[in-house]
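Enquirer: make a model of this:
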Amino acid sequence: MGGDKVQRERATIKAAERELAVQRLWPEGTADGPTLVFLHEGLGCIALWKDFPSRLCARLGLPGLVYDRWGYGQSEPMDRPRTTRYLHDEARLFLPAVLEQVGVTRSILIGHSDGGSIALLYAAAFPSAP
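Expert: Okay, here's the model as predicted:
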C-alpha cells in the first residue's frame with residue numbers, strides 16, 4: 001500500500017459562513033463510487049489523520065475528502081465558546097455545507113471519536129442522504 005499513488009488537492013472553502021480547510025484525495029484508477037469522508041476527533045485535524053485516508057482511498061479505489069472543522073487545524077479559528085450542541089451543529093449545518101460546496105453527492109462517512117458522533121447525528125438528521 002505504501003507505493004499507491006494518490007493525488008492530493010488542498011483548498012479553503014466557505015461552508016456555513018466559515019472558512020474551512022479541505023483536502024481531496026484522488027487515488028490512481030479512482031472508481032466511480034462514493035467519496036470517503038473522514039471526520040476527525042475532538043482535538044484532531046487533517047494532519048493528524050496522517051496517511052490513513054490516502055491508504056484507505058487507494059486500497060478501495062475511491063475518492064476521499066478530509067477537512068478541518070471550524071476551530072481546528074487550518075480552518076477559521078473559533079471566535080466563541082462551543083455550545084453543548086456543537087456536534088449537532090457540525091452534523092446539521094457544517095457537514096452538509098461542506099459536502100455541497102465540494103460537490104460530494106454520495107458519501108461514506110468515517111468518523112473518529114467526535115467524528116463518529118457527527119456521522120451518526122448526520123445519518124439521523126438526513127436518513128435518505130446517499
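
Enquirer: may I ask which helix or strand encompasses Leu120?
Expert: In the assignment (DSSP states H and E), Leu120 maps to helix 114-125.

Enquirer: quick one: contacts of stretch 11-28?
Expert: For stretch 11-28, the surrounding residues in contact (C-beta atoms under 8 Å, 6 or more residues apart in numbering) are 4-10, 36, 46, 53-54, 57-58, 61-70, 73-76, 93-94, 97-98, 100-102. Every residue, glycine included, has its C-beta placed from N, CA and C.

Enquirer: would you list every one of the helices in this structure?
Expert: For the chain, applying DSSP state H gives helices covering 52-60, 86-89, 95-102, 114-125.

Enquirer: adding distance to Glu19 and mean pLDDT, write those out as JSON lines.
Expert: Listed next are the helices of the chain as JSON lines, based on distance: least, C-beta to C-beta, whole Å; pLDDT from 0 to 100:
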{"stretch": "helix 52-60", "distance to Glu19": "21", "mean pLDDT": "96"}
{"stretch": "helix 86-89", "distance to Glu19": "16", "mean pLDDT": "96"}
{"stretch": "helix 95-102", "distance to Glu19": "11", "mean pLDDT": "98"}
{"stretch": "helix 114-125", "distance to Glu19": "19", "mean pLDDT": "98"}
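
Enquirer: picking that back up, other residues contacting the helix holding Leu120?
Expert: With C-beta under 8 Å, 6+ apart, helix 114-125 has contacts from 38-42, 44, 87-88, 90-92, 95-96, 109-111, 129.

Enquirer: is it possible to mark the buried ones in those?
Expert: Neighbour-count burial (16 or more other C-beta atoms under 10 Å) applied to the contacts of helix 114-125 gives 38-41, 44, 87-88, 90-92, 95-96, 109-111.
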